[in-house]
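**Student:** My questions concern the predicted model and sequence given below.
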Amino acid sequence: MGTLFMVFPLPKNLDLKNYQISLRFLASAYFLLAILNTILLFDDFVYNKPEYFNFTWLLLSSLQALLFTYTLIILFDTQFAIRKHIKRNLLPILIFFSAYIVSVLFSGDCVMSEIGNFEQCIRNPAFIIRLMFFIFYLFQLIFYTYIFLKEEALYVKKINEYFSDTTKLRLKWIRYAFFSALLIGLSALFYQVFPSKTYNILFTFSLIVFYFVFSIKYINYNKLFAIIQPVVSDAEIKQNLKIEYNRSKSLWKGYKSTIISEKIYLREGITLDETAQLLKIGRTTLSGLINSEENVNFNTWINLLRIEEAKILFSENPVFPIIKVAEMTGFSEHSNFSRQFKLITGESPSVWRKKMQH
């Protein structure tokens, strides 16, 4: 799988460069997983008892956490994986690795295969470093979870500013992948405290299955990239428009009138960029006007207009099927229409229509 990621062909797109880098990250993670797990399985084969706070296992887990987190976040923001970030996160791991090697060379290592050996091993510098690395890895998982959730929230905010329909663009599989990986990472912590040969084999097998399934989803990402490119390639969609308040209200009144009179909001899949082009203004300007004058993002405002249109259609044409009204108001999915309708009106389309008929 690692080799496949190294040679996987991608369309010639400059913005896909960092995605290509993320494929290299993922390939590195696969190679690393293969090499270090081979060492761990060999150790289990040679030694009768598993080792507590095994350094190779901790090193594998820590590097996997780093590589996997960055690999996923790149999908939300192609500008995220700059060298400065990677070096800063890699440095503590390298320090632990160097300190451990030096300690083993000068003082040897203490193999703790039983709980009763703890008092003896705690005097050994290499074992203390292993213990500290274990605690570092725990904080590493917490920190990466915080970073991931922060970047995911920023991505959702951006797509809501740009797209009218975000149902298929939320990349929920990335969240599932991250928390599945986090669960595996926590399992690695559990193994350090309660080592077992059987658990090691089962853990390695679960990694193989997880990485295989994840790789299929990851490779298919470039098909969706063509749609979300304006969001993931843009460092920031600015929301604050630096113009005078009175002029802002005057500008927005005209633009809003055009959007409503020409019913631009009913076009399926309409984006901020396309709306801005129709109005002949910049997308940043349009985004700023919607946020400042309507107090909502682009996605929310378009859905508000669509639901108001749907209410008119239901009132004037009570026999229209809900799915037809959904299509007429620009929703690509019936389920999303029902969800947005209930979110805005507090009632499902069918309940609202029945009330209007009585």
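**Tutor:** Arrived safely, thanks for sending.
**Student:** residue ranges with poor pLDDT in the stretch 151-300 of the chain?
**Tutor:** 195-197, 200, 233-249 (pLDDT under 70).
**Student:** And the helices in it?
**Tutor:** 172-193, 197-219, 221-232, 245-261, 272-279, 283-294, 298-316 (DSSP state H, counting those that start in this stretch).
**Student:** between those, which gets nearest to residue 165?
**Tutor:** Residue 165 lies closest, by CB to CB, to one member of these: helix 298-316, at 7.9 Å. Backbone N, C-alpha and C define where each C-beta goes, glycine included.
**Student:** who's in contact with the closest one?
**Tutor:** Helix 298-316 is contacted by residues 159-166, 259-260, 263, 265-266, 270, 272, 275, 286-287, 290, 294, 296, 320, 325-326, 328-331, 337, 340-341, 344-345, 349, 352-353, 356 when judged by CB atoms under 8 Å, 6 or more residues apart in numbering.
**Student:** Give me the angle between that helix and helix 245-261.
**Tutor:** Angle of helix 298-316 versus helix 245-261, following axes from the mean of the first three to the mean of the last three CA atoms, to 10 degrees, is 40 degrees.
**Student:** Could you check the angle helix 298-316 makes with helix 283-294?
**Tutor:** 60 degrees.
**Student:** Using CSV, list the CA coordinates for helix 298-316.
**Tutor:** This file holds the C-alpha atoms of helix 298-316, laid out as CSV (Å, rounded to 0.1, in the frame of the first residue of the first chain):
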residue,chain,number,x,y,z
PHE,A,298,-23.9,32.3,2.6
ASN,A,299,-25.2,28.7,3.1
THR,A,300,-27.6,29.6,5.9
TRP,A,301,-29.0,32.7,4.0
ILE,A,302,-29.5,30.7,0.7
ASN,A,303,-31.4,28.0,2.7
LEU,A,304,-33.5,30.6,4.4
LEU,A,305,-34.6,32.0,1.0
ARG,A,306,-35.2,28.5,-0.4
ILE,A,307,-37.4,27.5,2.6
GLU,A,308,-39.4,30.7,2.2
GLU,A,309,-39.9,29.8,-1.5
ALA,A,310,-40.9,26.3,-0.5
LYS,A,311,-43.6,27.7,1.9
ILE,A,312,-45.0,29.8,-0.9
LEU,A,313,-45.1,26.7,-3.2
PHE,A,314,-46.8,24.6,-0.6
SER,A,315,-49.4,27.3,0.0
GLU,A,316,-50.2,27.8,-3.7
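**Student:** tell me which element residue 118 is part of?
**Tutor:** Here residue 118, judged by DSSP states H and E, is contained in helix 118-121.
**Student:** If you count neighbours, what's buried in that helix?
**Tutor:** Across helix 118-121, burial judged by 16 or more other CB atoms under 10 Å covers residue 121.
**Student:** I'd like the mean pLDDT over it, please.
**Tutor:** Averaged across helix 118-121, the pLDDT comes to 81.
**Student:** from the chain's centre, how far out does that helix sit?
**Tutor:** How far helix 118-121 lies from its chain's middle: 42 Å, per CA atoms, centre = their mean, to the nearest Å.
**Student:** what comes into contact with that helix?
**Tutor:** The contact list for helix 118-121 (CB under 8 Å, 6+ apart) reads 52, 110, 112, 127.
**Student:** okay, those residues in CSV with pLDDT and neighbour count next?
**Tutor:** Compiled in CSV, the contacts of helix 118-121 are given as follows (pLDDT from 0 to 100; neighbours: other CB atoms under 10 Å):
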residue, pLDDT, neighbour count
52, 78, 22
110, 84, 19
112, 76, 22
127, 90, 25
